[in-house]
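>>> need a structure here:
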Amino acid sequence: MNKRIILWILLFAVGGCGGAQMGSERTNSLLVAANGIVITPPVGIAMGGYFEPDRKASEIHDNLYARGLLMEFPNGKRLAFVSVDLIGLLSYDVNLIAKKLKYDCELFIFSTHQHSGPDTIGIFGSGGRDEKYMENLRARIAELLVILSDELKPAKMYHGVVYGRGFSRNWRVPEEVDSAIDVLSFHNNAGFIATLVNFGCHPEALGRQNKAITADFPGYLVNEIESRLGGRALFANGALGAMVSINADNFKNKDKGFELAKEVGSAIAEQAVKCVLTNSRPVSTENFSVQRKRIAIKLENDSFRSAILSGTAPFSEENFDGDNVITEVGAVTIGNLKIVMIPGEITPGLGKQIKFSANFNSPLWHAMLIGLANDEIGYILPIQDFDLPLYNYDRSVSVGRQADPMIRQTLEKMLGR
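Numbering: from 1, shown residues only. Next comes the predicted model:
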């Protein structure tokens, strides 16, 4: 029997026990669109993710994408998520993209943080940002947002959570790992429109010697979900900071390479598909709101300061005031679901504290955490542990010790803690 037919049979079968239900009637006026657009850079571009002196792309193994999900809620408000197969995207670029938007929308662009793409930050020492590519990238994402606006259709929204225990490991504090795999799915009678998978782990299955452009395991993950469920899939990274990476010991392909990337992506996809089919519950879309707060974090990193002042890493007065990096945190509420937006790579310990704060006011709320959202300020480390030898490397790619209290305290106030 055709695999797709089997999936639909399972969907209907689990409807009575908390699984996704595909009733014939439309019970809300949520409108949804999902699509993707290629953002692959040219061969020869400087690559980001590792501090290698001359790491330039020698070939294209697979295309990089910007994948978008646009939601229009019953109150007429719009929310757009865009997942990009990049090491990170600075708020400088996100602000320029937002200014190109032709409709009112709460926009969150988050990077998968894969380490085999272009240097979009400008700090990795292999040639810096290619501004021609960056200009084209911003135009492509703006084009995707236009496409999404023309493709909205009625859908229902579902959320589920499963666990990828053993998929990742924390190289700094082994007991601190967030193994939650949150899954949002959107479908109507015609089929699946979108699936968003949220899991915290560094996509570095290829390693620093790789010079082939690839989306790493998130690329395999979304391709697997799309082949099994249909529609578009997006990957959103979570609390991956300092230093959560693939636990290769628990996979057959233990050596870095495309085989490991495929195995990891397929394993997460398998869990996500099971979640959609057997463990997803409807999300009420009547209650939708977005909170955002700009914060100024003292810049203590001399390397970052040099990159900014030299123009290697572009900043405007919206993002840097001479002493502070200005960034943003956010919280999206959809029904009983909270989605917290973090502008960098937060440690799992801090991430779990923020999730607890989001859940504090009601046991019915569930919190997701998306990292590298609308900015990439580097590692966000616990202030009390900031100077430990354990974090010698991590400090070198952190804005500074104030990132933790500024982000955590702002979000706790925002979330009503």
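
>>> Check which residues of stretch 77-88 are buried.
For stretch 77-88, the neighbour count (16 or more other C-beta atoms under 10 Å) marks 78, 79, 80, 81, 82, 83, 84, 85, 86, 87, 88 as buried. C-beta here means a position set from N, CA and C on the backbone, and glycine is covered the same way.

>>> Farthest-apart pair in these, please.
Maximum pairwise distance in the buried residues of stretch 77-88, criterion C-beta to C-beta, is 27.8 Å, between 78 and 87.

>>> could I have the longest helix seen in the chain exported to PDB, CA atoms only?
Counting residues, the longest helix found in the chain (DSSP state H) is helix 258-278. What follows is helix 258-278, C-alpha atoms only, in PDB (Å, rounded to 0.1, in the frame of the first residue of the first chain):
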ATOM      1  CA  PHE A 258      27.100  13.000   5.100                       C
ATOM      2  CA  GLU A 259      26.100   9.500   6.400                       C
ATOM      3  CA  LEU A 260      26.000  10.800   9.900                       C
ATOM      4  CA  ALA A 261      24.100  13.900   8.900                       C
ATOM      5  CA  LYS A 262      21.500  11.800   7.100                       C
ATOM      6  CA  GLU A 263      21.200   9.400  10.000                       C
ATOM      7  CA  VAL A 264      20.700  12.200  12.600                       C
ATOM      8  CA  GLY A 265      18.200  14.000  10.400                       C
ATOM      9  CA  SER A 266      16.200  10.800   9.700                       C
ATOM     10  CA  ALA A 267      16.100   9.900  13.400                       C
ATOM     11  CA  ILE A 268      14.700  13.300  14.400                       C
ATOM     12  CA  ALA A 269      12.200  13.200  11.500                       C
ATOM     13  CA  GLU A 270      11.000   9.700  12.600                       C
ATOM     14  CA  GLN A 271      10.200  11.000  16.000                       C
ATOM     15  CA  ALA A 272       8.500  14.100  14.600                       C
ATOM     16  CA  VAL A 273       6.300  12.100  12.200                       C
ATOM     17  CA  LYS A 274       5.300   9.800  15.100                       C
ATOM     18  CA  CYS A 275       4.500  12.900  17.100                       C
ATOM     19  CA  VAL A 276       2.300  14.300  14.400                       C
ATOM     20  CA  LEU A 277       0.400  11.100  13.900                       C
ATOM     21  CA  THR A 278      -0.100   9.900  17.500                       C
END
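
>>> Against which helices or strands is that helix packed?
The contact analysis (3 or more C-beta pairs under 8 Å, 6 or more residues apart in numbering; DSSP states H and E) places helix 258-278 against helix 3-13, strand 156-163, strand 180-188, strand 191-199, helix 216-229.

>>> possible to save these as CSV with mean pLDDT and distance to residue 413?
CSV is the format used below for the helices and strands packed on helix 258-278 (pLDDT from 0 to 100; distance: least, C-beta to C-beta, whole Å):
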stretch, mean pLDDT, distance to residue 413
helix 3-13, 46, 41
strand 156-163, 96, 25
strand 180-188, 97, 24
strand 191-199, 98, 24
helix 216-229, 98, 32
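
>>> what about the residue nearest to residue 271 when sequence neighbours are not counted, neighbour count?
Spatial nearest neighbour of residue 271, excluding adjacent residues (C-beta to C-beta, 6 or more residues apart in numbering): residue 162 at 4.9 Å. For residue 162, the count of nearby residues is 22 (other C-beta atoms under 10 Å).

>>> mind listing what residue 162 touches?
Applying C-beta atoms under 8 Å, 6 or more residues apart in numbering, we find residue 162 in contact with 180, 181, 183, 271, 272, 274, 275, 279.

>>> Between those, which sits nearest residue 44?
Nearest member of those to residue 44, counting by C-beta to C-beta, is residue 272, at 35.1 Å.

>>> I'd say that closest one and residue 180 touch.
No: using C-beta atoms under 8 Å, residue 272 makes no contact with residue 180, being 11.7 Å away.

>>> quick one: which of these two has more around it?
Neighbour totals were compared for residue 272 and residue 180, and residue 272 leads with 30 against 23 (other C-beta under 10 Å).

>>> dump the residue contacts of that one.
162, 181, 183, 195, 197, 221, 225.

>>> C-terminal to the longest helix of the chain, what's the next element?
The C-terminal neighbour of helix 258-278 among helices and strands, as given by DSSP states H and E, is strand 281-282.

>>> helices or strands up against that following strand?
Here strand 281-282 touches strand 156-163, going by 3+ C-beta pairs under 8 Å, 6+ apart.

>>> Pairing partners for the strand it packs on, with directions?
With DSSP bridges as the criterion, the sheet partners recorded for strand 156-163 are strand 180-188 (antiparallel), strand 281-282 (antiparallel).

>>> I'd like those strands as JSON lines, with distance to residue 303 appended.
Below are those laid out as JSON lines (distance: least, C-beta to C-beta, whole Å):
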{"stretch": "strand 180-188", "distance to residue 303": "33"}
{"stretch": "strand 281-282", "distance to residue 303": "46"}
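
>>> Quick one, which of those strands gets closest to residue 260.
strand 180-188 (18.5 Å).

>>> Output that closest one as CSV - backbone C-alpha positions only.
Taking C-alpha atoms only, strand 180-188 is exported to CSV below (Å, rounded to 0.1, in the frame of the first residue of the first chain):
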residue,chain,number,x,y,z
ALA,A,180,12.4,17.9,23.8
ILE,A,181,11.4,17.8,20.2
ASP,A,182,8.4,20.2,19.7
VAL,A,183,6.4,19.7,16.6
LEU,A,184,3.8,22.1,15.1
SER,A,185,1.7,20.8,12.2
PHE,A,186,-0.8,22.5,10.0
HIS,A,187,-3.3,20.7,7.7
ASN,A,188,-6.7,20.8,6.2
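
>>> Residues contacting that strand, please?
20, 22, 26, 32, 34, 69, 71, 153-164, 192-199, 229, 231, 238, 268, 271-272, 275-276, 280, 283, 366, 368.

>>> which of the strands paired with strand 156-163 is buried the deepest?
strand 180-188 (a mean of 23; mean count of other C-beta atoms under 10 Å).

>>> Compare the helices and strands packed on helix 258-278 and give me the one nearest residue 326.
When the helices and strands packed on helix 258-278 are compared by C-beta to C-beta, strand 191-199 sits nearest residue 326, at 26.0 Å.
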